[in-house]
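any chance you can model this:
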Amino acid sequence: MDVTPPKPAARLLIVDDDADIREMLRDTLSPEFDVELAADAESGLLAAGRIRPDLILVDLQMPGMDGFGFCLELRSRLELSHIADTLVMVMTGSPDSERLSFESGADDYVGKPFRPGELRARITARLRARYRRRPAAGDTQVLRSGNLELDLDRSIASLDGKQIPLSQLEFKLLGYFMRSGGRVVSRSEVLEDNWPGVSVTHRTVDTHVSKIRKAISGSREQIQSIYGAGYCWRALD
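Here you go, the predicted model:
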């Protein structure tokens, strides 16, 4: 009889200074997910490098290094810790924090207070979206433009054959522009296509584009600004 081994549970890291909230979240998300806890940002960064979680759920309001600082520091360590494919979801009770969360490098947010079922569903949807384009065994999905290559299977970006660090959101945006075929896309269009239903500003687009440009600075093709119109993916002059 052919017995298929069970699929391992996705690994989550919860970073929150409130012990009661950490335990509540572990009870809410286990055993559907493999959950590890961290009581502050520093221990969370160490745990992220050690366990390579699929998704990190981090509180914004923490003493010392807060959630914004955690996101920025995590993204600065991507190349060293090999966790570029880790999703980051922040927990926030302030609508104003949503924009700053994305600008800090978060992939998603969940507003407080939240219901346990909604949180599980949001995490599941995020993880499913991450893997739904994974090809069949033996197949490869690669997007190429000039000397830049995106491995869609493994969410890895390479420039001249050398891997470059990008967050999941930055990887998604880079692929979005590379697929645009040289068409000029407005900031509003970029927001509608990549942040549907989320209240963020044009500055969020500009911030992420700036980070992507820096990461792929040696690329022969680049995201270029078109004055008064938006952005366009085209070869450098």
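
tell me which helix or strand comes right after the longest helix along the chain.
Across the chain, the longest stretch assigned as helix under DSSP state H is helix 116-131. The helix or strand immediately downstream of helix 116-131 is strand 142-145, counting by DSSP states H and E.

what packs against that next one?
On a contact count with 3 or more C-beta pairs under 8 Å, 6 or more residues apart in numbering; DSSP states H and E, strand 142-145 meets strand 148-151, helix 168-178. C-beta coordinates here come from the backbone N, C-alpha and C atoms, glycine included.

right, and the helix or strand after the worst-scoring helix or strand of the chain on mean pLDDT?
Lowest mean confidence among the helices and strands of the chain (mean pLDDT, DSSP states H and E): helix 78-81, at a mean of 48. Heading C-terminal from helix 78-81, the first helix or strand you meet, by DSSP H and E, is strand 87-92.

okay, now the sheet partners of that following strand, with direction.
Strand 87-92 has its sheet partners listed here by DSSP bridges as strand 55-59 (parallel), strand 108-111 (parallel).

which of those strands comes out lowest on mean pLDDT?
Looking at those, the lowest mean pLDDT belongs to strand 108-111 (a mean of 81).

what does that strand rub up against?
Applying C-beta atoms under 8 Å, 6 or more residues apart in numbering, the contact partners of strand 108-111 are 57, 87-93, 95, 97-98, 101-102, 118-119, 122, 126.

give me the mean pLDDT for stretch 35-45.
Across stretch 35-45, pLDDT averages out at 93.

can you pull the phi/psi pair for residue 167?
phi -70, psi 170 (degrees, to the nearest 10).

surely it and residue 105 touch.
Yes: Residue 167 is within contact range of residue 105, at 5.2 Å (criterion: C-beta atoms under 8 Å).

shared neighbours, the two?
Taking C-beta under 8 Å, 6+ apart as the contact rule, residue 167 and residue 105 both touch 75, 88.

make JSON lines out of the helices and strands packed on strand 142-145 and add mean pLDDT, distance to residue 9 and mean neighbour count.
Converted to JSON lines, the helices and strands packed on strand 142-145 look like this (pLDDT from 0 to 100; distance: least, C-beta to C-beta, whole Å; neighbours: other C-beta atoms under 10 Å):
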{"stretch": "strand 148-151", "mean pLDDT": "89", "distance to residue 9": "25", "mean neighbour count": "18"}
{"stretch": "helix 168-178", "mean pLDDT": "87", "distance to residue 9": "19", "mean neighbour count": "21"}
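
kindly reformat the ones you listed as JSON lines containing distance to residue 45.
Compiled in JSON lines, these are given as follows (distance: least, C-beta to C-beta, whole Å):
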{"stretch": "strand 148-151", "distance to residue 45": "26"}
{"stretch": "helix 168-178", "distance to residue 45": "17"}
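
which of those sits closest to residue 224?
Residue 224 sits nearest to helix 168-178 of all the helices and strands packed on strand 142-145, at 9.7 Å, using C-beta to C-beta.

report all helices and strands that that closest one contacts.
Applying 3+ C-beta pairs under 8 Å, 6+ apart, one finds that helix 168-178 contacts strand 142-145, strand 148-151, helix 187-194, helix 202-215, strand 221-226, strand 230-235.

with that, I have no additional questions.
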